[in-house]
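One predicted model, sequence on top.
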Amino acid sequence: MKKSKLESLLNEYKKYMDLMNYIETSYKINMNDFMVLNCIHDNCTKEKMLMQPFLKVATDSFELSRTKVLASIRKLVNQDRVSKVRSDTDERKVYLFMDESNVEKLNAILDDIEKYLEK
């Protein structure tokens, strides 16, 4: 590998690490949490989605284990970035969704990240 390509690669890695450090310190979420949050936004904003199909989508999309996805969901629910509710008819069924306040929080995070990247 040429020295210029190696320097370029290391520079991109440094930018990535700086961004991840900023997200972790500002919002107390890691990259897995951020990816799961975006996946929930993409799949659960318009209507509630059962937890099991969502886990299938998330594990297939990001090649994360179910345990990591569940840990991220739990963290996001505790931070009130995502909502979950049990079914009225069958308490074993858990639905994930994002209400307006959750979407506003995500949009604020994305706007803040965009401003950080423009620096």
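Nice, I can see it.

For the rest of this, base every contact and every neighbour count on C-alpha atoms.
Will do.

Pull the number of nearby residues for I23.
I23: 19 surrounding residues under other Cα atoms under 10 Å.

Assign it to helix, strand or coil.
Recorded secondary structure, I23: helix (DSSP: H, G, I helix; E, B strand; the rest coil).

Quick check: closest non-adjacent residue to it.
I29 (6.6 Å; Cα to Cα, 6 or more residues apart in numbering).

so where do the helices sit in this structure?
3-27, 31-44, 51-62, 66-78, 100-118 (DSSP state H).

Which one, of those helices, ends up nearest to T89?
Proximity to T89 (Cα to Cα) singles out helix 51-62 among the helices of the chain, at 15.5 Å.

Give me the contacts around the closest one.
Contact with helix 51-62 is made by 35-36, 39-40, 43, 64-66, 69-70, 93-96, as judged by Cα atoms under 8 Å, 6 or more residues apart in numbering.

still on that earlier bit, reformat the helices of the chain as CSV; add mean pLDDT and distance to V85.
Listed next are these as CSV, based on pLDDT from 0 to 100; distance: least, Cα to Cα, whole Å:
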stretch, mean pLDDT, distance to V85
helix 3-27, 94, 24
helix 31-44, 95, 12
helix 51-62, 94, 10
helix 66-78, 97, 11
helix 100-118, 95, 14
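
Reformat these as TSV; add distance to K84.
Listed next are the helices of the chain as TSV, based on distance: least, Cα to Cα, whole Å:
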stretch	distance to K84
helix 3-27	20
helix 31-44	10
helix 51-62	9
helix 66-78	7
helix 100-118	11
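
closest to R86 out of those helices?
Closest of the helices of the chain to R86 is helix 51-62, at 10.0 Å (criterion: Cα to Cα).

Quick check: buried residues in that closest one?
Under the neighbour-count criterion of 16 or more other Cα atoms under 10 Å, helix 51-62 has 51, 54-55, 58-59 buried.
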